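Q: Fold the following for me, if possible:
(2 chains)
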2 protein chains.
Amino acid sequence: MKLAMLSGGVGGARLARGMAALADVDLTVIVNVGDDDHFYGLAVSPDIDTVIYTMVGREGPHGWGLKDDMFAVMNALDALPIDTTFRVGDGDLATNLFRTDRLAAGWSLTWITTALASAYGVAGTILPATDDPLRTQVKIAEGSWVDFQEYFVVRRHADEVEDVRFKGAGYCRPAPGVIEAIESAEALIIGPSNPVLSIWPILAIPAIAEAVAAKPMVMGISPLISGSALKGPAHRVLSSLGFGASTHGVASAYGGLLTDLVIDSADAADASKVSVPRIHVTDTRMPDLVASTRLAQAVVDLVTSRPTSWGRI
Amino acid sequence: MKLAMLSGGVGGARLARGMAALADVDLTVIVNVGDDDHFYGLAVSPDIDTVIYTMVGREGPHGWGLKDDMFAVMNALDALPIDTTFRVGDGDLATNLFRTDRLAAGWSLTWITTALASAYGVAGTILPATDDPLRTQVKIAEGSWVDFQEYFVVRRHADEVEDVRFKGAGYCRPAPGVIEAIESAEALIIGPSNPVLSIWPILAIPAIAEAVAAKPMVMGISPLISGSALKGPAHRVLSSLGFGASTHGVASAYGGLLTDLVIDSADAADASKVSVPRIHVTDTRMPDLVASTRLAQAVVDLVTSRPTSWGRI
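A: Numbering: from 1, shown residues only, chains lettered A, B, ... in the order given. Modelled structure (predicted):
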């Protein structure tokens, strides 16, 4: 079964790993690039790298970087007069050096991502949403817009998000293969990522929004459990933007795009209040590969059965 | 005593280390930047880094990088589809990440070099010859010019050098402090570096050549011992450019600029054939700090005594 998934970092990456473990799924993960930035002169693509590392079980414990990575370079950098808040492990640095070198050599982010995924042995296709420049910016106070990484890493997402914007998104073309993957998929899955900060930047690309809206089945997986994100500020952002830190808030943030919404058992009571055609309740926690595969299988079963109403799965 | 020294990598760096160990010397090392390049998207300045590392006794064993450095990043890069001929250790990478980051932030190479030298605890001042772009290129065959690092690292300086050029040198301004250091020095020392590939690029900057030529005492230290460089292709380049791999060739390469030339005892027989006003013979090998300091002291003594003829020192 062909599936396409929109994804940010950790949550989407874990579901993608589960999908890739299923024998009959041909998955294309379309990854947010709004968080891409430059650190130490290197081109970083945090969500792409998290998806690659997670899909082969090598992700770091804190939602970024590689497992068991060393920090010899960062430790040396600490001795120099430079802000080293953004920590990059040695193996992760190699990824970023490779990307920076190849971009300078004229490769597209798509080619680079394909080469990295291949080197790491990823099963499935990982595509950046776009090869064009797209930058998520966050309004943290009246008149004060900061780049995503400034908000997220440097300021440790402590600020209340008053608004978001996606610089350049209107001019971005989908990366090669993105539209084809969406159109040929049985269903478009939206991973359990931050709707505002991870998925909106993908949907801000006009041709992608159009292709997604045309799908008969668009299934979102809520990133909230009991109204809170397991990782990151999704609930706080949904709240400060007025959607509410709830299943209803997640559905509202997608503004009628979803045909299906998968929510956690802990939020089953929310199901009736949400204006999405079909709500499905299951365990959405993915602490390990077994859980990821189980949720992935549940999603695949839903796509296969095309249920007509909500229910426990 | 104030001294200014022009230097490339290893040889000049070792003499600079010896100079810095002398209590009464206030040394400014003016370093070649013609080898600067970009690898993996990083701005590398090999000669500057070699001078910094060597002056604090932390240089790597092969003429580049740091002693006892690890290569975790390079080993990870080896798994990716990229040319990893240019090996950069983890600690050395930190230096290059710092430089790349700060250049992007608008710092000059001079500020960056000062910050690095300070962090490494260098006694003395290290200045790039210029903050402006200057690139050494080598002609390896008719119509075939390559950048220095392509010649030196990628092609392992195996080609015969037919000609050299210093792109942009005519438009380069000396880095802040360079001219002042040359003018206020008791003497201008030219380290035992490759005359053509390490010193010519510095002298290709018009204002530096002018300031050096105006000095009453310009003392070169020959990089050759028994007609051969201890490290690198100096003798081969002097030969292929027609100067000859000899003391005479070194003097000729400096074209009348030298008032004094220090040569190794092994080449004492050459002394009479060389058209430099004063030739001095001593042991110029610097395998360790004791030897570096001894040669540095000999140079300082020569500057102090201002000898009127050549002799054994």
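
Q: Which residue ranges of the stretch 101-250 of chain A form strands?
A: A:125-128, A:135-141, A:144-147, A:163-167, A:187-190, A:218-221, A:224-225, A:228-229 (DSSP state E, counting those that start in this stretch).

Q: any chance of these in a markdown table, plus mean neighbour count?
A: Bear in mind the C-beta positions are built from the backbone N, C-alpha and C, glycine included. Conversion of the strands of the stretch 101-250 of chain A to a markdown table gives the following (neighbours: other CB atoms under 10 Å in any protein chain shown):
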| stretch | mean neighbour count |
| --- | --- |
| strand A:125-128 | 24 |
| strand A:135-141 | 19 |
| strand A:144-147 | 15 |
| strand A:163-167 | 17 |
| strand A:187-190 | 28 |
| strand A:218-221 | 24 |
| strand A:224-225 | 21 |
| strand A:228-229 | 17 |
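
Q: so which of those strands gets nearest chain B?
A: For chain B, the closest of the strands of the stretch 101-250 of chain A is strand A:144-147, at 14.2 Å, according to CB to the nearest CB.

Q: next one: that closest one to chain centre, how far?
A: Relative to the centre of its chain, strand A:144-147 is centred 21 Å away, using CA atoms, centre = their mean, to the nearest Å.

Q: Would you mind listing the buried residues in stretch A:177-197?
A: A:178-179, A:181-182, A:185-197 (16 or more other CB atoms under 10 Å in any protein chain shown).

Q: Where does the stretch 151-300 of chain A get nearest to chain B, residue-wise?
A: residue A:154 (13.9 Å).

Q: Before we move on, what's the pLDDT of that residue?
A: pLDDT, residue A:154: 86.

Q: Neighbours of the nearest residue to it once chain neighbours are set aside, how many?
A: Spatially, and ignoring its direct neighbours in sequence, residue A:154 is nearest to residue A:85 (5.5 Å; CB to CB, 6 or more residues apart in numbering or on different chains). Here the number of neighbours of residue A:85 (other CB atoms under 10 Å in any protein chain shown) works out to 11.

Q: Tell me if residue A:85 really is in a strand.
A: No. According to DSSP: H, G, I helix; E, B strand; the rest coil, residue A:85 belongs to no strand; its state is coil.

Q: Tell me how far it lies from residue B:295.
A: To residue B:295, residue A:85 is 45 Å away according to CB to CB, to the nearest Å.

Q: coming back round to it: mean pLDDT and distance to chain B for the strands of the stretch 101-250 of chain A - can I get that in JSON lines?
A: Shown next, in JSON lines, are those (pLDDT from 0 to 100; distance: least, CB to the nearest CB, whole Å):
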{"stretch": "strand A:125-128", "mean pLDDT": "98", "distance to chain B": "15"}
{"stretch": "strand A:135-141", "mean pLDDT": "95", "distance to chain B": "16"}
{"stretch": "strand A:144-147", "mean pLDDT": "95", "distance to chain B": "14"}
{"stretch": "strand A:163-167", "mean pLDDT": "97", "distance to chain B": "19"}
{"stretch": "strand A:187-190", "mean pLDDT": "98", "distance to chain B": "29"}
{"stretch": "strand A:218-221", "mean pLDDT": "98", "distance to chain B": "32"}
{"stretch": "strand A:224-225", "mean pLDDT": "95", "distance to chain B": "35"}
{"stretch": "strand A:228-229", "mean pLDDT": "90", "distance to chain B": "31"}
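
Q: Rebuild the ones you listed as CSV, extending it with distance to residue B:206.
A: Below are the strands of the stretch 101-250 of chain A laid out as CSV (distance: least, CB to CB, whole Å):
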stretch, distance to residue B:206
strand A:125-128, 47
strand A:135-141, 43
strand A:144-147, 42
strand A:163-167, 44
strand A:187-190, 62
strand A:218-221, 66
strand A:224-225, 67
strand A:228-229, 62
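
Q: mind checking which of those strands is nearest residue B:104?
A: Smallest distance to residue B:104 across these (CB to CB): 14.2 Å, for strand A:144-147.

Q: ok, residue A:208 - how many residues close by?
A: Counted with other CB under 10 Å, the neighbours of residue A:208 add up to 24.

Q: Quick check: it touching residue A:32?
A: No. Using CB atoms under 8 Å, residue A:208 makes no contact with residue A:32, being 11.1 Å away.

Q: need the contact list for residue A:128.
A: Neighbouring residues of residue A:128 by CB atoms under 8 Å, 6 or more residues apart in numbering or on different chains: A:30-31, A:33, A:45, A:48, A:109-110, A:113, A:175.

Q: Most widely separated two among these?
A: The most widely separated members of the contacts of residue A:128 are A:30 and A:45, with 13.3 Å between them, by CB to CB.

Q: Which one of these two is surrounded by more residues?
A: Legend: neighbour count by other CB under 10 Å for residue A:30 and residue A:45, higher for residue A:30 (32 against 23).

Q: And what about the more buried one, helix, strand or coil?
A: Here residue A:30 takes the strand state, with states given by three-state DSSP.

Q: Tell me the confidence at it?
A: Note on residue A:30: pLDDT of 98.

Q: and if you look at the one 3 residues further on?
A: The predicted local distance difference test score for residue A:33 is 98.

Q: what residues are up against it?
A: Taking CB under 8 Å, 6+ apart, one finds A:45, A:47-48, A:109, A:128-130, A:134, A:201 in contact with residue A:33.

Q: Point me to the residue of the stretch 101-250 of chain A nearest chain B.
A: In the stretch 101-250 of chain A, the residue that lies nearest chain B is residue A:101 (4.5 Å; CB to the nearest CB).

Q: contacting residues for the residue lying closest to residue A:78 once chain neighbours are set aside?
A: Nearest residue to residue A:78 in three dimensions, chain neighbours excluded: residue A:84, at 5.4 Å (CB to CB, 6+ apart). Listed by CB under 8 Å, 6+ apart, the contact partners of residue A:84 are A:74, A:77-78.

Q: Inside helices: which ones of these?
A: Taking DSSP state H, the ones among the contacts of residue A:84 that sit in helices are A:74, A:77.

Q: In PyMOL, select just the buried ones from the contacts of residue A:84.
A: Restricted to buried positions by 16+ other CB under 10 Å, the PyMOL selection for these reads:
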select buried, chain A and resi 74+77
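
Q: So for the longest helix seen in chain A, what gets flagged as buried?
A: Using DSSP H to define each element, chain A has its longest helix at helix A:289-305. Using 16+ other CB under 10 Å as the test for burial, helix A:289-305 gives A:291-300, A:302-303.

Q: One more: stretch A:148-157?
A: For stretch A:148-157, by 16+ other CB under 10 Å, it's A:148-149, A:151-153, A:157.

Q: any idea which of those residues is closest to residue B:38?
A: Of all the buried residues of stretch A:148-157, residue A:149 has the smallest distance to residue B:38: 23.1 Å, by CB to CB.

Q: got a list of what the closest one touches?
A: A:35, A:37, A:39, A:44, A:46, A:86.

Q: The first one belongs to a strand?
A: By that I understand residue A:35. No. The assignment for residue A:35 by three-state DSSP gives coil, which leaves it out of any strand.

Q: thinking it is in contact with residue A:153, fair?
A: No. Judged on CB under 8 Å, residue A:35 makes no contact with residue A:153 at a distance of 9.4 Å.

Q: what's around residue A:162, how many residues?
A: Neighbourhood size, residue A:162 [other CB under 10 Å]: 14.

Q: doesn't residue A:141 make contact with it?
A: Yes. With contact defined as CB under 8 Å, residue A:162 reaches residue A:141; the gap is 7.0 Å.

Q: pLDDT score for the residue nearest to residue A:154?
A: Among the per-residue scores, residue A:85 shows a pLDDT of 87.
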